[in-house]
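Novice: Quick one: sequence plus predicted model below, questions after.
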Amino acid sequence: MLNGSLRETETMVWHGCKGWPRRISRCVRVSSNDIVSLGVEGRTGPRKSRCVYDRSHAAARRLDSQFIRAVEVIVGHTGKIVVTGIGKSGRVGQKIVSTFSSTGTPAVFLHPAEAVHGDLGVYAPEDPTIMISKSGTTAELLRLVRVLRDFRSPLIGILGNPNSPLAGEVDILLDASVRAEADAHNLAPTSSAAVAMALGDALAVTVMRERRFTPEEFAMYHPAGQLGQNLALTVREVMHSGDQAAWAGPLDPVKQVVIAMSARPLGAACVIGEDGCLLGIVTDGDLRRALQAHDDIRLLKAADIMTARPVTIAPDARLHEALRLMEDRPSQISVLPVVDPATRRCLGLLRLHDIYHGR
């Protein structure tokens, strides 16, 4: 059984669709938006991107109890899932496999033509199968149906034609139909590929949430690259502390602050009290604003120009949390003071550069 939130009986309206569990509709909305904005914009231009965007949301509005059934089948199975498709649908399937695998659900891709020549050995009894096809008439997939019944495999179809022969064979149908492709000749699998991928990602993300998959688990499966580093490393491991950072007292002259910042060019100086607690931060931007506002800055003190109560980060926070604090805001920042939450003492500075380049 799914978590209670998937069984909510509350009425909700989302793009005209009533009664949908909030978490499922949000997953599909996010997946659709991400596929369109990241996968289409910049390659096809704004008009065609809008076309694919509309198709993705049309698919989201068509979701019904079949989607919940698909989630239940996957969550209720302790083994792997198998994804199959051919051509562009196969490429989409391979990406969906990657999403499932990296979010805690073992998944493998099975080429439908190779399947009947020995690769069916990948199956364990009752492994669910996700079949992807735009036409729903793919001969290689139709041939597989009877064979997969012998493996007691629940068949989930992500199909572009809900009235196709394959639609009549699968146990669960997710409607991935589109009115037209994004290209001028309505030929290249653009809108249809984006919709199929959005539905697959929505499935993976919903299953991920139902299994309460954590960022720490994601880091275990994804130890390399920027994602892995941001999830695995803590602020303490890459921050600048002690003599590596610039420090100032609230009554220090601005000239002295500038000298300290020049000697330790991190883009900011931490202003602390006698107890070591953070009072504020002086950034390069604060210095520029002081020069614009005052003809003579020689009499100014650090407290006169500092940013009081700046955004801070704890030393044991993960880098991805620091990155979110820096970038997910109206005015982005490039440096964070590191503060011990227990003592409120300032421990050092973390730069955006440190997150992306590991110092």
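Specialist: Arrived safely.
Novice: mind listing what residue 270 touches?
Specialist: Residues counted as contacts of residue 270 (CB atoms under 8 Å, 6 or more residues apart in numbering) are 245-248, 278, 281, 337, 346, 348-349. The way it works is simple: take the backbone N, C-alpha and C, and place the C-beta from them, glycine included.
Novice: 10 Å instead?
Specialist: The neighbourhood of residue 270, defined by CB atoms under 10 Å, 6 or more residues apart in numbering, consists of 245-248, 260, 276, 278-282, 302, 306, 310, 312, 335, 337-339, 346-349.
Novice: Buried among the residues you listed? Make that a ChimeraX selection.
Specialist: The buried subset of those, as determined by 16 or more other CB atoms under 10 Å, is captured in ChimeraX by this line:
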select :245,246,247,248,260,278,279,280,281,282,302,306,310,312,335,337,338,339,346,347,348,349
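Novice: Strand partners (parallel or antiparallel) of the strand or helix carrying residue 349?
Specialist: Assigned by DSSP states H and E, residue 349 falls within strand 346-351. Sheet pairing for strand 346-351, assigned by DSSP bridges, gives strand 240-241 (antiparallel), strand 335-339 (antiparallel).
Novice: Out of these, flag the one nearest residue 69.
Specialist: Proximity to residue 69 (CB to CB) singles out strand 335-339 among the strands paired with strand 346-351, at 45.2 Å.
Novice: Now the closest one: average pLDDT?
Specialist: On average, the pLDDT along strand 335-339 is 96.
Novice: what's the following helix or strand after the strand holding residue 349?
Specialist: Scanning forward in sequence from strand 346-351 by DSSP H and E, the next helix or strand is helix 352-357.
Novice: Only the buried residues of that next one, if you could.
Specialist: 352, 354-355.
Novice: pLDDT averaged over it - what is it?
Specialist: The average pLDDT for helix 352-357 rounds to 86.
Novice: Kindly export that helix (C-alpha atoms) in PDB.
Specialist: Listed next in PDB are the C-alpha coordinates belonging to helix 352-357 (Å, rounded to 0.1, in the frame of the first residue of the first chain):
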ATOM      1  CA  LEU A 352      30.600  29.600  -4.200                       C
ATOM      2  CA  HIS A 353      33.900  28.800  -5.900                       C
ATOM      3  CA  ASP A 354      34.800  26.300  -3.200                       C
ATOM      4  CA  ILE A 355      31.600  24.400  -3.900                       C
ATOM      5  CA  TYR A 356      32.100  24.100  -7.600                       C
ATOM      6  CA  HIS A 357      35.900  23.600  -7.500                       C
END
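Novice: Any chance of the buried residues of helix 352-357 in CSV with distance to residue 201 as columns?
Specialist: Output for those, formatted as CSV (distance: CB to CB, whole Å):
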residue, distance to residue 201
352, 28
354, 31
355, 26
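Novice: Which single one of those residues is nearest to residue 104?
Specialist: Closest to residue 104 out of the buried residues of helix 352-357 is residue 355 (24.9 Å), distances taken as CB to CB.
Novice: Using the three-state scheme, assign the residue nearest to residue 188 when sequence neighbours are not counted.
Specialist: Excluding the flanking residues, the one nearest residue 188 by CB to CB, 6 or more residues apart in numbering is residue 181, at 5.9 Å. Secondary structure for residue 181, judged by DSSP: H, G, I helix; E, B strand; the rest coil, is coil.
Novice: Around residue 181, how many other residues sit close by?
Specialist: Using other CB atoms under 10 Å, residue 181 has 21 neighbouring residues.
Novice: For it, give its distance to residue 274.
Specialist: Distance of residue 181 to residue 274, computed by CB to CB, to the nearest Å: 68 Å.
Novice: CA atoms of whichever strand or helix holds residue 92 as CSV?
Specialist: Here residue 92 sits within helix 88-102, counting by DSSP H and E. Provided in CSV are the C-alpha atoms of helix 88-102 (Å, rounded to 0.1, in the frame of the first residue of the first chain):
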residue,chain,number,x,y,z
LYS,A,88,13.8,6.8,-30.0
SER,A,89,11.5,5.1,-27.5
GLY,A,90,14.4,2.9,-26.5
ARG,A,91,16.6,6.0,-25.9
VAL,A,92,13.9,7.4,-23.7
GLY,A,93,13.7,4.1,-21.9
GLN,A,94,17.4,4.1,-21.2
LYS,A,95,17.2,7.5,-19.7
ILE,A,96,14.2,6.4,-17.5
VAL,A,97,16.3,3.4,-16.4
SER,A,98,19.1,5.7,-15.3
THR,A,99,16.6,7.8,-13.3
PHE,A,100,15.1,4.8,-11.5
SER,A,101,18.6,3.3,-10.8
SER,A,102,20.0,6.5,-9.3
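Novice: which of the residues in it are buried?
Specialist: Within helix 88-102, the residues that qualify as buried are 88-93, 95-97, 99-102, counting by 16+ other CB under 10 Å.
Novice: ok, now stretch 165-184?
Specialist: Quick answer for stretch 165-184 (16+ other CB under 10 Å): 166-167, 169-170, 172-178, 181-182.
Novice: what's the answer for stretch 202-213, then?
Specialist: Neighbour counts over stretch 202-213 (16+ other CB under 10 Å) mark 202-210, 213 as buried.
Novice: and what of stretch 114-125?
Specialist: Under the neighbour-count criterion of 16+ other CB under 10 Å, stretch 114-125 has 115, 120, 123 buried.
Novice: Redo those residues as a markdown table? Include distance to residue 73 and pLDDT.
Specialist: Shown next, in a markdown table, are the buried residues of stretch 114-125 (distance: CB to CB, whole Å; pLDDT from 0 to 100):
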| residue | distance to residue 73 | pLDDT |
| --- | --- | --- |
| 115 | 20 | 94 |
| 120 | 20 | 95 |
| 123 | 15 | 96 |
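Novice: In helices, which of the residues you listed appear?
Specialist: residue 115 (DSSP state H).
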